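A.B. asks: Predicted coordinates and the sequence they were generated for:
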2 protein chains.
Amino acid sequence: MKKALTIKEVAKRAGVSTATISRAMNGSGPVSGETRALVDRVIRNSGFRPNNIGRQLKTARTHTIGVLIPSLKNPIFADAVAGIERIAERNSYNVLLASSGYIEDKEFSAVETFLKSRVEGLILTVTNEENSQALDSLTSTGLPFVLMFNPVKPTSFSTVSIDNRSAACALVERLLELGHRRTAMIAGKLTESDRSIERQAGYEDALRKYQLEPTKIIEVGFENSDFVEIITNLNNDPNAPTAYFCSTDILAISVMRALVQIGKHVPNDVSVVGFDGIAIGEFLTPSLSTAVQPAEDMGEWAAQHLIERIDNDHPVANLVLPYRIRPGESWGPPPTKLVLGQTLQIRE
Amino acid sequence: MKKALTIKEVAKRAGVSTATISRAMNGSGPVSGETRALVDRVIRNSGFRPNNIGRQLKTARTHTIGVLIPSLKNPIFADAVAGIERIAERNSYNVLLASSGYIEDKEFSAVETFLKSRVEGLILTVTNEENSQALDSLTSTGLPFVLMFNPVKPTSFSTVSIDNRSAACALVERLLELGHRRTAMIAGKLTESDRSIERQAGYEDALRKYQLEPTKIIEVGFENSDFVEIITNLNNDPNAPTAYFCSTDILAISVMRALVQIGKHVPNDVSVVGFDGIAIGEFLTPSLSTAVQPAEDMGEWAAQHLIERIDNDHPVANLVLPYRIRPGESWGPPPTKLVLGQTLQIRE
DNA sequence: ATGAAAGCGCTAACAA
DNA sequence: TTGTTAGCGCTTTCAT
């Protein structure tokens, strides 16, 4: 790999000073028409690409933002990053990406790395904003950042999110309206996750409105593929739930599959709802009833806002985007219970 | 935002030279036990984070790789990036990400940006490797890079891919074995895309084996949501296809949906196959028959190989990973044709 | 074991 | 309009 040219070499070839090259390249100062033409020609012929590292060191600007998400494999985050990416590109910002795998240590070290790379701002989704080392080091630096997906708190940093609690409540209310009285919530392993906690609160809000006892939350590991076992266990209970509220769509999809595998029909035997609104949910059969987070919009707003904080010193802001309940085919009324000795009546 | 400390300031506070700080931080030279302890303490107390830009300029190493893909919104690419990310993190490399949206200009400018940022290597998926400005500037620099997904060609750069042509052929053969004789291929707007071309060739290979006339390829825009119209048109033909080979899973999902919307049943009325093997395909009803590309593995290999080229000067290599035909419920035998006047016989 | 000083590639006063 | 020069924050000879 041949080593790259420097501005010095280009200056020599053009017979001018490095300052002139710099001015010609960046339009940062007066350059005569002929000189400009000359410099342009030399640059083109030599294939010179100015070393951004040098420039960054001098100007103390990197035009780079860091993005930290739990995982690209969940489309909700991939979509958000796609939104960020589009805005960054439009504003000539680079995107440095890292994923934490929901591991707090990695959140922390990723932020440290970003800091050392002198990103000008950060967009991130942390596992739990209440208690995040990553967030602590970040706040102490004063670097602008935007929290994405994490619920807004009365703090002084920028966030973009939906109201997880209301959304969960609205969703579960729909289940209760359909007549369900025995429900269960299945939560991803991260009960510590602040979003999970909010959704859980929303779930309980809904139950309370119907004066139902809060049921215990079933936690499952994401990698854990024993869904069949979990669901079977739940189902052995004589008072097995007739509806499942899953804390994410990904989880709901696994739960639906497990239900089918043990011979249950969704929604005739049991209803399932998810949370997130990933695009694919609509294509499932049954299509997934869920609360939609506008992930790409969130990413776009996060990036736009961050850049405005960086470039124009805009103040911190919190945006709560509306969620949307997307009704699908995965819910329905609970099955009519057949009690022994009871006469089954079929209406024509 | 308070401005960050420099090594100079830390040296002053510790009462030693900047060289000593550097040596203590990096273990790059002898430092006495006491001095080390002193320096460690000062650094911790001051929250000093060495400015990587300075270091990068001096060492001429950025420990950064650039990743360029068409779109994060297609899980096939998001998964690949997840694989890259994991390996990069494990080897202390940073990932600079950009997406092209299948636009060649953006491919080019993203590569230029990466080059100016002095990434040490690149992993990318280009629209068409035959004729890519981006690839041209890249090759001319001598910077190591790995092409991902793009079919291997007798060229001198590293690639990781599957044999798109064989995979497409194998997939379509299965359709023909099922009895289909009138088939259509639906290709994403990028007939220019080299993968699309390979898959098309595989499609035609299969037809040829069965001595069938090659049918024309139907091109559709990705954003184009007129699938219903397209499918309706195709269907008005008295010799409408009984099976569709779609060049990507994403496309296949849209096609299936359109078919359902016009009242066709998959696979009873018509069979559909996709290409890529995105995870969600298995959860659809009917589940999608497809050729699986091991995207995450491809990303991991690409990153590992690139890093070995950078760090250990490994030679260029081409890896062709095996594809897998994943049978689903979206295909079946063609419907038996009912001809007017013919007696329909029903076997018990 | 430590320090002084040069220099990585660039930009931006300041001079001319 | 152009050139000279200092210096961004770090590492790394080379002395000591």
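C.D. replies: On my side now, so go ahead.
A.B. asks: Can stretch A:134-146 be said to contact chain B?
C.D. replies: Yes: judged by CB under 8 Å from any CB of the partner chain, stretch A:134-146 comes into contact with chain B through A:140, A:141, A:142, A:143, A:144. The C-beta positions use only the backbone N, C-alpha and C, and glycine is treated the same way.
A.B. asks: Filter those residues down to the buried ones.
C.D. replies: Listed as buried from these are A:141, A:143, A:144; burial here means 16 or more other CB atoms under 10 Å in any protein chain shown.
A.B. asks: The stretch 201-348 of chain A: strands as residue ranges?
C.D. replies: Chain-ordered strands for the stretch 201-348 of chain A, with DSSP state E, counting those that start in this stretch as the definition, fall at A:217-220, A:243-246, A:271-273, A:290-292, A:318-320, A:324-326.
A.B. asks: for chain A, which residue is closest to the average position?
C.D. replies: Nearest residue to the geometric centre of chain A (CA atoms, centre = their mean): residue A:77, 3.7 Å.
A.B. asks: That residue falls within a strand, correct?
C.D. replies: No: going by DSSP: H, G, I helix; E, B strand; the rest coil, the assignment for residue A:77 is helix, not a strand.
A.B. asks: Grab the nearest non-local neighbour of it.
C.D. replies: In space, and not counting its chain neighbours, residue A:77 is closest to residue A:69: 4.3 Å by CB to CB, 6 or more residues apart in numbering or on different chains.
A.B. asks: so what's the nearest residue to residue A:207 once chain neighbours are set aside up against?
C.D. replies: Among residues not flanking residue A:207 along the chain, residue A:214 sits closest, at 5.6 Å (CB to CB, 6+ apart). With contact taken as CB atoms under 8 Å, 6 or more residues apart in numbering or on different chains, residue A:214 is in contact with A:204, A:207, A:208.
A.B. asks: hang on, isn't the second one packed against residue A:216?
C.D. replies: No: under the contact definition of CB atoms under 8 Å, residue A:207 does not touch residue A:216, with a separation of 11.8 Å.
A.B. asks: Between these two, point out the one with more neighbours.
C.D. replies: residue A:207 (20 against 8; other CB atoms under 10 Å in any protein chain shown).
A.B. asks: if I look at the more buried one, how far off is DNA strand C?
C.D. replies: 60 Å (CB to the nearest atom of the strand, to the nearest Å).
A.B. asks: Could you report the distance from that residue to DNA strand D?
C.D. replies: 54 Å.
A.B. asks: quick revisit: for the strands of the stretch 201-348 of chain A, which one sits closest to residue B:20?
C.D. replies: Across these, residue B:20 has its closest neighbour in strand A:318-320 (45.3 Å, CB to CB).
A.B. asks: got the buried residues for the closest one?
C.D. replies: A:318, A:319.
A.B. asks: which strands and helices sit next to that strand?
C.D. replies: strand A:158-161 (3 or more CB pairs under 8 Å, 6 or more residues apart in numbering or on different chains; DSSP states H and E).
A.B. asks: In terms of secondary structure, what does the helix or strand that the strand it packs on is followed by contact?
C.D. replies: Remark: after strand A:158-161, the chain's next helix or strand is helix A:164-177, criterion DSSP states H and E. If contacts are counted by 3+ CB pairs under 8 Å, 6+ apart, helix A:164-177 sits against strand A:183-188, helix A:194-209, strand A:243-246, strand A:271-273, strand A:290-292, strand A:324-326.
A.B. asks: Adding mean pLDDT and distance to residue A:262, write the ones you listed out as JSON lines.
C.D. replies: Listed next are the helices and strands packed on helix A:164-177 as JSON lines, based on pLDDT from 0 to 100; distance: least, CB to CB, whole Å:
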{"stretch": "strand A:183-188", "mean pLDDT": "92", "distance to residue A:262": "15"}
{"stretch": "helix A:194-209", "mean pLDDT": "94", "distance to residue A:262": "24"}
{"stretch": "strand A:243-246", "mean pLDDT": "97", "distance to residue A:262": "13"}
{"stretch": "strand A:271-273", "mean pLDDT": "98", "distance to residue A:262": "13"}
{"stretch": "strand A:290-292", "mean pLDDT": "98", "distance to residue A:262": "22"}
{"stretch": "strand A:324-326", "mean pLDDT": "98", "distance to residue A:262": "26"}
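A.B. asks: Is it possible to get TSV of those that adds distance to residue A:50?
C.D. replies: TSV is the format used below for the helices and strands packed on helix A:164-177 (distance: least, CB to CB, whole Å):
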stretch	distance to residue A:50
strand A:183-188	46
helix A:194-209	43
strand A:243-246	51
strand A:271-273	54
strand A:290-292	44
strand A:324-326	46
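A.B. asks: wait, which of these is closest to residue A:163?
C.D. replies: Comparing the helices and strands packed on helix A:164-177 under CB to CB, the one sitting nearest is helix A:194-209, at 8.1 Å.
A.B. asks: buried set for that closest one?
C.D. replies: Across helix A:194-209, burial judged by 16+ other CB under 10 Å covers A:194-200, A:202-207.
A.B. asks: a markdown table for the buried ones among the residues of stretch A:134-146 next to chain B, including secondary structure?
C.D. replies: A markdown table is the format used below for those (three-state DSSP):
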| residue | secondary structure |
| --- | --- |
| A:141 | helix |
| A:143 | coil |
| A:144 | coil |
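A.B. asks: Nothing else from me, thank you.
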